[in-house]
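Chemist: Could you look at this predicted model? Sequence included:
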There are 2 protein chains.
Amino acid sequence: MAKIVTGKNSSKKEVILKKAATLFKTKSFSASSMRELADVVGVEAPSLYNHIGSKSELLQDICFKIGNQFTEQIESIRNSNKTMVAKIEAVIRFHIEIMAENFDEVYVANHEWKHLNEPYLTDFLTIRRSYEKSLMGFIEEGINKNEIKPVNPYVTVLTILSAVRGLEFWQRNKKNVPLQVLENDMVNQLLNGIVK
Amino acid sequence: MAKIVTGKNSSKKEVILKKAATLFKTKSFSASSMRELADVVGVEAPSLYNHIGSKSELLQDICFKIGNQFTEQIESIRNSNKTMVAKIEAVIRFHIEIMAENFDEVYVANHEWKHLNEPYLTDFLTIRRSYEKSLMGFIEEGINKNEIKPVNPYVTVLTILSAVRGLEFWQRNKKNVPLQVLENDMVNQLLNGIVK
DNA sequence: AGCAAAAACTAATAAGTGTTAGTTTTGTGA
DNA sequence: TCACAAAACTAACACTTATTAGTTTTTGCT
C-alpha cells in the first residue's frame, strides 16, 4: 500500500495541490486525468478522494490561492505612500517575484481559469478585473500628477500585465539570466523604453 | 441531411478549420470534442472525416499556418533596409495586425501548441525559437549600432513578445480602444517608455 | 436520365473519464 | 494490545472520447 509522503509543513492535500499544479501546467487541466495525478502522487486514483473533493476543486484552490495573493499585494501597494511611478514599479516587481516563487500555480491560474465552474468562474474574473482596475488607477493618477505621459491607461495596463506574464517563457533560461537582471531590465523597458 | 455551407473562396476543410479554431480558443483543444465541432459545423461527427484526417491534424494546420505567416513577415522585415529601431517597430505592428485579423488561429497557436504530436511539436518549437532569434538579432544589432540602450536582448525579446501576445485580452474592449491607438501606444511604451 | 464520386448518414468499437461503494490495511492513542 | 479512525485498496458505474465500417443520399457531368 502506497503512502502519500508529506513534507514538514504540508498536509496531504497540499502535496496533492502542488503536484496537480505541476501536472496541469504541463498537460493542461482538461488533458490531465485523475489517474495521472494519482500516479505522480504515488497512489491509486480513488485514494485521492480521501483528501480532496473533486478535480474541479483542485483548480479552484489553485486559482484562488494565487488570485488572493495578487490582490493582497496590490492593496498593500495602494495604501503605501510612494509616487505613482514607484507604485507601478512595485507592481511589476512583485509580479515577477510571485511568479518566480510559485511558478506552476501562477501558470495554471493564468491559463486554466476558464475551466472553472460557476460560480467560481465569475468570482475569479471579478477578482481579476478589480486587480486590473487598481493598476489602471495608478496609471491614471500618474498622468494627472504629471509623472506619466498622457498614454491610454487601458493599453498601458494591458502591456504591463502581458509583459510580466511572459515570464512563463523565461524559466527555461533561468540559468542564463538572473532574476535581478530580468526584473531590472523589464521594469526599465516598461517605464523608460529601450530607445536611446 | 445537413450540408457544410462553404463561403465563396473557402473549401469545406477551410470552413471546418475556421470553426475549429474558434472552438479550440473558447474551450481549449482537449476540452473540445469532435461532436461539438460537428455541431457548430452543422453535421454529424463522422462526416467531418470526409474532409479532415483527424483532430490532431486540425491543430497542426492551425499552428503551422500561423507559424509560417509570422516567419514570412519577419524574414521580409529582416531583408528591408530600415534602422533597427524601425525594424523592431515593424515587428510589433505586424504582430498586432496579424492578431487582429486572425484572432482565433493566433490564440490557438499560442496556447494549444503543446498538444501537438511529434514530430510536429518539435517542428513548431523550432520555428518559434528561430523567430525569437531573428528578433533578438535586431535588438543586438540595434545595441551595436548605438540605436538602443545596452539592455539584455533576451529580456527585451521576452518583454516585447509577451506584450503583443497580451492583445488576446484586448478583444473584449475592441469598441472602446481603436486598433490604431492600441498599436501606437504599445509601440511607444515598448520603445520609449511611459515615464515623463 | 443515368452513372460515378463526394459527402452525408447510422451504428458500433475500444479506450479513457471522474467518481462512488465497499473492503482492507495502516497508524495512533488509551 | 485493542479499538477506532484515517487512508489506502479493488471493482465497478455511467459517460464520453476519437474514430472506423458500412450504407444511403446528394451532387455534378455526359
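Modeler: Thanks, I have the structure now. Residues are numbered from 1 along each chain as shown, chains lettered A, B, ... in the order given.
Chemist: Spell out the residue ranges of the helices in chain A.
Modeler: Assigned by DSSP state H, the helices in chain A fall at A:12-27, A:34-41, A:45-48, A:55-78, A:84-101, A:103-112, A:120-144, A:153-165, A:179-192.
Chemist: quick one: which of these is nearest DNA strand D?
Modeler: The minimum distance between DNA strand D and the helices of chain A falls on helix A:45-48, with 3.5 Å, by Cβ to the nearest atom of the strand. All C-beta atoms are positioned from the backbone trio N, CA, C, and that covers glycine.
Chemist: can you pull the buried residues of that closest one?
Modeler: Buried residues in helix A:45-48, defined by neighbour count with 16 or more other Cβ atoms under 10 Å in any protein chain shown: A:47, A:48.
Chemist: Show residues contacting that helix.
Modeler: A:16, A:34, A:35, A:37, A:38, A:41 (Cβ atoms under 8 Å, 6 or more residues apart in numbering or on different chains).
Chemist: just the buried members of those?
Modeler: So, of the contacts of helix A:45-48, A:16, A:34, A:37, A:38, A:41 end up buried under the neighbour-count rule (16+ other Cβ under 10 Å).
Chemist: For the residue lying closest to the last one once chain neighbours are set aside, give me its contacts.
Modeler: Of all residues not flanking residue A:41 in the chain, residue A:19 sits nearest, at 5.4 Å (Cβ to Cβ, 6 or more residues apart in numbering or on different chains). With contacts taken as Cβ under 8 Å, 6+ apart, residue A:19 has the following neighbours: A:37, A:40, A:41.
Chemist: quick one: pLDDT of residue A:19?
Modeler: Residue A:19 is assigned a predicted lDDT (pLDDT) of 97.
Chemist: quick revisit: could you tell me which ones among the buried ones among the contacts of helix A:45-48 also sit near DNA strand C?
Modeler: Checking the buried ones among the contacts of helix A:45-48 against DNA strand C by Cβ under 7 Å from any atom of the strand, the ones in range are residue A:34.
Chemist: Which residue, other than its chain neighbours, is closest to the residue nearest to the spatial centre of chain A?
Modeler: By Cα atoms, centre = their mean, chain A has its centre lying nearest to residue A:106, at 3.1 Å. Using Cβ to Cβ, 6+ apart and skipping the chain neighbours, the partner closest in space to residue A:106 is residue A:99 (5.0 Å).
Chemist: mind listing what that neighbour touches?
Modeler: A:106, A:164, A:167, A:168.
Chemist: Next one, pLDDT for the residue nearest to residue A:176 when sequence neighbours are not counted please.
Modeler: Spatial nearest neighbour of residue A:176, excluding adjacent residues (Cβ to Cβ, 6+ apart): residue B:154 at 7.2 Å. Per-residue confidence (pLDDT) for residue B:154: 87.
Chemist: ok, residue B:154 touching residue B:135?
Modeler: No: in this structure residue B:154 lies outside contact range of residue B:135 using Cβ atoms under 8 Å: 10.4 Å.
Chemist: Tell me which of those two has more neighbours.
Modeler: Using other Cβ atoms under 10 Å in any protein chain shown as the criterion, residue B:154 and residue B:135 rank with residue B:135 on top: 22 against 19.
Chemist: From DNA strand C, how far out is residue A:126?
Modeler: To DNA strand C, residue A:126 is 24 Å away according to Cβ to the nearest atom of the strand, to the nearest Å.
Chemist: count of neighbours near that residue?
Modeler: 12.
Chemist: What separation do you get for it and chain B?
Modeler: 14 Å (Cβ to the nearest Cβ, to the nearest Å).
Chemist: Spit out the contact partners of the nearest residue to residue A:61 once chain neighbours are set aside.
Modeler: Nearest non-adjacent residue to residue A:61, counting by Cβ to Cβ, 6+ apart: residue A:17, 5.8 Å away. By Cβ under 8 Å, 6+ apart, the contact list for residue A:17 reads A:58, A:61, A:62.
Chemist: Kindly indicate which of those residues lies nearest DNA strand C.
Modeler: Ranked by distance to DNA strand C (Cβ to the nearest atom of the strand), those are led by residue A:58 at 8.3 Å.
Chemist: before we move on, the earlier item: now do the same contact list for the residue nearest to the centre of chain A.
Modeler: Contacts here follow Cβ under 8 Å, 6+ apart; on that basis residue A:106 touches A:66, A:98, A:99.
Chemist: Reformat those residues as a markdown table; add pLDDT.
Modeler: Converted to a markdown table, these look like this (pLDDT from 0 to 100):
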| residue | pLDDT |
| --- | --- |
| A:66 | 96 |
| A:98 | 91 |
| A:99 | 89 |
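Chemist: Out of those residues, the closest to chain B would be?
Modeler: Taking Cβ to the nearest Cβ as the measure, residue A:99 is the one of the contacts of residue A:106 closest to chain B, at 11.8 Å.
Chemist: Compute the distance between that closest one and residue A:165, please.
Modeler: Using Cβ to Cβ, to the nearest Å, residue A:99 is found at 8 Å from residue A:165.
Chemist: residue contacts, the nearest residue to residue A:36 once chain neighbours are set aside?
Modeler: Spatially, and ignoring its direct neighbours in sequence, residue A:36 is nearest to residue A:23 (6.4 Å; Cβ to Cβ, 6+ apart). Listed by Cβ under 8 Å, 6+ apart, the contact set of residue A:23 reads A:32, A:36, A:37, A:40.
Chemist: Could you do residue A:69 as well?
Modeler: Per Cβ under 8 Å, 6+ apart, neighbours of residue A:69: A:98, A:102.
Chemist: how near is it to chain B?
Modeler: Residue A:69 sits 20 Å away from chain B, taking Cβ to the nearest Cβ as the criterion.
Chemist: ditto for residue A:117
Modeler: For residue A:117, the distance to chain B - Cβ to the nearest Cβ - is 13 Å.
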